[in-house]
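Visitor: quick one: sequence plus predicted model below, questions after.
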Amino acid sequence: MQKKTFLKSSKFLLSALAASSVLVLAGCSSNPPTAQMAVATQAINAAETAGATEFAPVEMQSARKKMNDAEKAEFKKEYEEAQRLAEQAEWDARVAERKAQAEKVQRSVDDAKRGVEALRNESLRGK
């Protein structure tokens with residue numbers, strides 16, 4: 001008799017645990033990804049400030065599209081999708097920012113090389 005009671009209580013506990021796990025997981029996905037949306041927006045703004053619109057237009061377009069899609073998903077209360085898209089938008093924007101920074105550095109190096117070459121040519125003419 002005691003064995004049946006133990007089995008029934010064990011099944012009840014397992015059922016209760018499973019039900020509470022489902023509720024916890026459902027609760028996690030029912031929160032809007034406000035923080036990630038803000039981070040993605042900040043990353044896009046930083047990329048624009050770095051000149052990514054000019055130097056990394058493909059990456060910026062991708063970041064903006066994903067952010068727009070994330071906003072639509074959030075509006076539809078598809079929070080997991082909004083979270084995923086906002087994360088992707090953030091990383092696309094970060095790639096665009098780094099690419100813009102690298103291009104600016106490369107242009108500075110190229111300008112410096114031209115300056116050195118001009119000085120070299122000027123000094124050779126003076127001899």
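Guide: Thanks, I have it.
Visitor: can you tell me the closest non-neighbouring residue to A47?
Guide: The shortest distance from A47 to any residue other than its chain neighbours is 4.0 Å, reached at E97 (CB to CB, 6 or more residues apart in numbering). For glycine as for every other residue, the C-beta is placed from the backbone atoms N, C-alpha and C.
Visitor: how far out from the middle of the chain is whichever strand or helix holds the one you found?
Guide: Element membership for E97 (DSSP states H and E) is helix 79-125. Here helix 79-125 is found 19 Å from its chain centre; the criterion is CA atoms, centre = their mean, to the nearest Å.
Visitor: let's test this: mean pLDDT of it, rounded?
Guide: Averaged over helix 79-125, pLDDT sits at 93.
Visitor: just checking, V39 touches Q88?
Guide: No - shown here, V39 and Q88 do not form a contact pair, counting by CB atoms under 8 Å, at 12.0 Å.
Visitor: so which elements touch the helix holding E97?
Guide: Under the contact criterion of 3 or more CB pairs under 8 Å, 6 or more residues apart in numbering; DSSP states H and E, the helices and strands touching helix 79-125 comprise helix 34-49, helix 52-55, helix 57-75.
Visitor: domains of this protein?
Guide: The record assigns the chain these domain ranges, following automatic domain parsing: 1-30, 32-125.
Visitor: now do the last one: distance from first to last residue.
Guide: Domain 32-125 has its terminal residues 69 Å apart, counting by CA to CA, to the nearest Å.
Visitor: and that domain, how far out from the chain's middle?
Guide: Using CA atoms, centre = their mean, the offset of domain 32-125 from its chain centre is 11 Å.
Visitor: how many neighbours does the residue nearest to A47 have?
Guide: Other residues lying near E97 total 25 when counted by other CB atoms under 10 Å.
Visitor: from Q83, how far out is it?
Guide: With the distance defined as CB to CB, to the nearest Å, E97 ends up 21 Å from Q83.
Visitor: ok, now E117?
Guide: E117 sits at a distance of 51 Å from Q83 (criterion: CB to CB).
Visitor: so which of those two has more stuff around it?
Guide: Summary of the neighbour comparison: E117 and Q83, criterion other CB under 10 Å, with Q83 having more neighbours (21 against 10).
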